[in-house]
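J.: Got a sequence here, can you model it:
(one chain, ligands or ions: 1)
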Amino acid sequence: MSSLLEIKDLHVAYGKVEAVRGVNLVMEPGQIVTVIGPNGAGKTTLLAAAAGLLRSRGSMAYDGVDLQNLDVEERVKRGFCLVPEKRELFGDMPVADNLILGAYAHRRNGTEVKRSLNDVYARFPRLAERRTQKANTLSGGERQMLALGRALMSRPRLLLLDEPSLGLAPLIVREIFRIVASLRETGVSILLVEQNARAALETADYGYVLETGEVSHQGPADELAHDPRVISTYLGGQN
Ligand code: ATP
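T.: Residues are numbered from 1 along each chain as shown. You can find the predicted model right below:
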């Protein structure tokens, strides 16, 4: 069986500055893989290149197909879905409409969209309670839930999550990661970019540490969480 995502020798540059340099990354179906690392390491750049939003050099295959041959709409149709760091919600629209727009790429029939909507509301009761509320009046945690819920409306196979814990209080972070872990049980694979290394490594199966655009360490998430170099740099020395 081929890997779900296979990135080989990826390079991404902004002008003359290379932000991602020679990255190799593999994901198997059903895995949560995390990319951790400090500010400016190139994590967002890596995700944006994988999602087809930035030009890159190297090779990327999704389910055995060369990603460079699939435009953004084709990627979404094949279940490849990015949840960007800035969430990109429609602030003036109610929660329900934001969710329904998530199903747009598939142009599925009304009954199916309704079923997906009910699934999302079952997973995120807070969104169900707030279905008529405008997105720009939600709390940070609720907005993150809405971004995740909207992504799920597209029935993804691979979710690319950029810093889902950004700016959230610790209790909400725990809730978001619980939800992320529960998605794996539904068969969704997740590429999780995070600065919150501890929470990311607790949730993921495998991890990569990115430093100045290059992979400095990688391994099963529980091994990385016990690696003294990772602990001293990213986990604050307490374990
Ligand atoms: P953070 O955790 O702070 O979001 P990151 O690991 O996601 O950081 P990137 O946002 O990918 O890092 O940035 C990697 C490098 O590329 C940084 O040095 C950044 O300044 C640079 N960079 C990012 N976007 C651009 C851009 N549009 N133009 C020029 N340089 C950029």
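J.: what residues does this protein put near the ligand?
T.: 14, 19, 37, 39, 40, 41, 42, 43, 44, 45, 195 (Cβ under 6 Å from any ligand atom). (Glycine included, C-beta is placed from N, CA and C.)
J.: What's the PyMOL syntax to select whichever of those residues are buried?
T.: In PyMOL, a selection of the buried entries from those looks like this (16 or more other Cβ atoms under 10 Å):
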select buried, resi 19+37+41+42+43+44+45+195
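J.: which ones among the residues of the chain next to the ligand are found in helices?
T.: 43, 44, 45 (DSSP state H).
J.: what number of residues lie near the residue lying closest to the first one once chain neighbours are set aside?
T.: Translated: residue 43. Spatial nearest neighbour of residue 43, excluding adjacent residues (Cβ to Cβ, 6 or more residues apart in numbering): residue 193 at 4.4 Å. Using other Cβ atoms under 10 Å, residue 193 has 25 neighbouring residues.
J.: mind listing what residue 193 touches?
T.: By Cβ atoms under 8 Å, 6 or more residues apart in numbering, residue 193 lies in contact with 34, 35, 36, 43, 44, 46, 47, 160, 161, 162, 163.
J.: correct me, but the last one touches residue 84?
T.: No. Residue 163 sits out of contact with residue 84 when judged by Cβ atoms under 8 Å, with a separation of 9.2 Å.
J.: Those two - which one has more neighbours?
T.: The neighbour comparison of residue 163 against residue 84 (other Cβ under 10 Å) goes to residue 163, with 21 against 16.
J.: rewinding a little: let me have the residues of the chain next to the ligand in JSON lines, extended by pLDDT.
T.: Shown next, in JSON lines, are the residues of the chain next to the ligand (pLDDT from 0 to 100):
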{"residue": "14", "pLDDT": "96"}
{"residue": "19", "pLDDT": "97"}
{"residue": "37", "pLDDT": "92"}
{"residue": "39", "pLDDT": "89"}
{"residue": "40", "pLDDT": "91"}
{"residue": "41", "pLDDT": "94"}
{"residue": "42", "pLDDT": "95"}
{"residue": "43", "pLDDT": "95"}
{"residue": "44", "pLDDT": "93"}
{"residue": "45", "pLDDT": "95"}
{"residue": "195", "pLDDT": "89"}
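J.: Pop the domain breakdown of this structure in here.
T.: Listed by automatic domain parsing, the domain ranges of the chain are 1-79+156-239, 87-155.
J.: what secondary structure does the residue most central in space within the chain sit in?
T.: Geometric centre of the chain, nearest residue: residue 161, 1.4 Å, by Cα atoms, centre = their mean. With DSSP: H, G, I helix; E, B strand; the rest coil as the basis, residue 161 sits in strand.
J.: what's the answer for residue 117, then?
T.: Strictly by three-state DSSP, residue 117 counts as helix.
J.: mind checking how far it is from residue 86?
T.: 24 Å (Cβ to Cβ, to the nearest Å).
J.: okay, these two: which has more neighbours?
T.: Neighbour tally, residue 117 and residue 86, criterion other Cβ under 10 Å: the higher count belongs to residue 117, 21 against 10.
J.: Quick check, pLDDT for residue 142.
T.: Residue 142 is assigned a predicted lDDT (pLDDT) of 91.
J.: quick one, what contacts the closest residue in space to residue 45 that isn't next to it in sequence?
T.: Closest residue to residue 45 in three dimensions, ignoring its sequence neighbours and counting by Cβ to Cβ, 6+ apart: residue 19, at 4.4 Å. Neighbour list for residue 19: 12, 13, 42, 45, 213 [criterion: Cβ under 8 Å, 6+ apart].
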